[in-house]
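Undergrad: sequence-free structure coming up:
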């Protein structure tokens, strides 16, 4: 067996072991995207994004920041990690900042191809692709606030806009609005009041009443924490009855 053949065989063996052990690893995918350049992958399959409104740090239409946030996205069946993203809450679209030669152009990803994405510690799910029944009137991306055995809690982050004249100029003021949804039996249900929730879970009325009584301030001051705590209790009770 000559040296060239042995060298080639060893190289193939190393490559096989590496691919086998790293194929599903996040760091491997990050390295791959870096080598082939992200603009040459399937991620950059969208359209040029044009910002219709001027953004300021304290007044913008995006989730958490008007600047790009390093995040992850599952797009067209492929995972992409550590890329610049920002989520336009007013129009419900995800924007990506290309690296390299195309960095001066921001792209709007095709929403139908997005399964999920993550910004900081918040994971957003495309409910149009994952929810079987949705008659709420709210669609698209929702933050997964709680994921349980029987129940999930989603938050729909939105921002409305209004005009404001300052002298002869027009400024656009954005106001945040959040809506809370229970995902139960493949159906999305907007949470509105205690009466509605008691009707949904008649066997857990006492638990519902207790949570409302002990967390009356949180319901107004921090509704996401309030609903997360409630759904967690109900999910635990339902799971023990199985």
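TA: Nice, thanks for sending it over. Because the structure is a prediction, the values reported are computed rather than measured.
Undergrad: burial measure for the nearest residue to residue 140 once chain neighbours are set aside, as a count.
TA: In space, residue 140 comes closest to residue 92 once its chain neighbours are excluded; the distance is 4.4 Å by Cβ to Cβ, 6 or more residues apart in numbering. Using the backbone N, CA and C atoms, a C-beta is placed for each residue, glycine as well. By the criterion of other Cβ atoms under 10 Å, residue 92 has 17 neighbours.
Undergrad: measure residue 92 to residue 124 for me?
TA: Distance, residue 92 to residue 124, by Cβ to Cβ, to the nearest Å: 10 Å.
Undergrad: the residue nearest to residue 140 and residue 111 touch, don't they?
TA: Yes. Contact criterion Cβ atoms under 8 Å: residue 92 and residue 111 qualify, at 7.4 Å.
Undergrad: find the residues that touch each one of these two.
TA: 140-141 (Cβ atoms under 8 Å, 6 or more residues apart in numbering).
Undergrad: for residue 121, see how far away the residue nearest to residue 140 is.
TA: 21 Å.
Undergrad: again, but for residue 59
TA: Residue 59 is 24 Å from residue 121, by Cβ to Cβ.
Undergrad: next: residue 218.
TA: From residue 218 to residue 121 the distance is 20 Å (Cβ to Cβ).
Undergrad: neighbour count: the two, which is higher?
TA: residue 218 (18 against 5).
Undergrad: for that one, what are its contacts?
TA: By Cβ under 8 Å, 6+ apart, residue 218 lies in contact with 225-226, 229.
Undergrad: quick one, helices of the protein?
TA: Ranges of helices within the chain are 3-22, 26-36, 127-130, 194-200, 205-214, 216-221, 223-240, based on DSSP state H.
Undergrad: quick check: closest non-adjacent residue to residue 238.
TA: Of all residues not flanking residue 238 in the chain, residue 150 sits nearest, at 4.4 Å (Cβ to Cβ, 6+ apart).
Undergrad: now do that neighbour, the pLDDT please.
TA: With respect to pLDDT, residue 150 scores 93.
Undergrad: same check on residue 235?
TA: 96.
Undergrad: can you tell me the closest non-neighbouring residue to it?
TA: Take residue 235 and drop its neighbours on the chain: the residue closest to it by Cβ to Cβ, 6+ apart is residue 148, 3.5 Å away.
Undergrad: what about that neighbour, neighbour count?
TA: 15.
Undergrad: report the contact partners of it.
TA: If you count contacts by Cβ under 8 Å, 6+ apart, residue 148 has them with 231-232, 235-236, 239.
Undergrad: from what I can see residue 105 touches residue 48, true?
TA: Yes. Assessed by Cβ under 8 Å, residue 105 is found in contact with residue 48 at 5.8 Å.
Undergrad: residue 63 versus the residue nearest to residue 219 when sequence neighbours are not counted, what's the distance?
TA: The shortest distance from residue 219 to any non-neighbouring residue, by Cβ to Cβ, 6+ apart, is to residue 226 (4.7 Å). For residue 226, the distance to residue 63 equals 21 Å [Cβ to Cβ].
Undergrad: same question for residue 231.
TA: From residue 231 across to residue 63, the span is 22 Å (Cβ to Cβ).
Undergrad: what about those two, which has more around it?
TA: Set residue 231 next to residue 63 and count neighbours by other Cβ under 10 Å: residue 231 wins out with 25 against 22.
Undergrad: leaving out chain neighbours, which residue sits closest to that one?
TA: Using Cβ to Cβ, 6+ apart, the closest residue to residue 231 is residue 153 (4.6 Å).
Undergrad: count of neighbours near that neighbour?
TA: With other Cβ under 10 Å as criterion, residue 153 counts 25.
Undergrad: thought it was touching residue 178?
TA: No. Checked against Cβ under 8 Å, the pair residue 153 and residue 178 is beyond contact range at 11.8 Å.
Undergrad: that'll do, ta.
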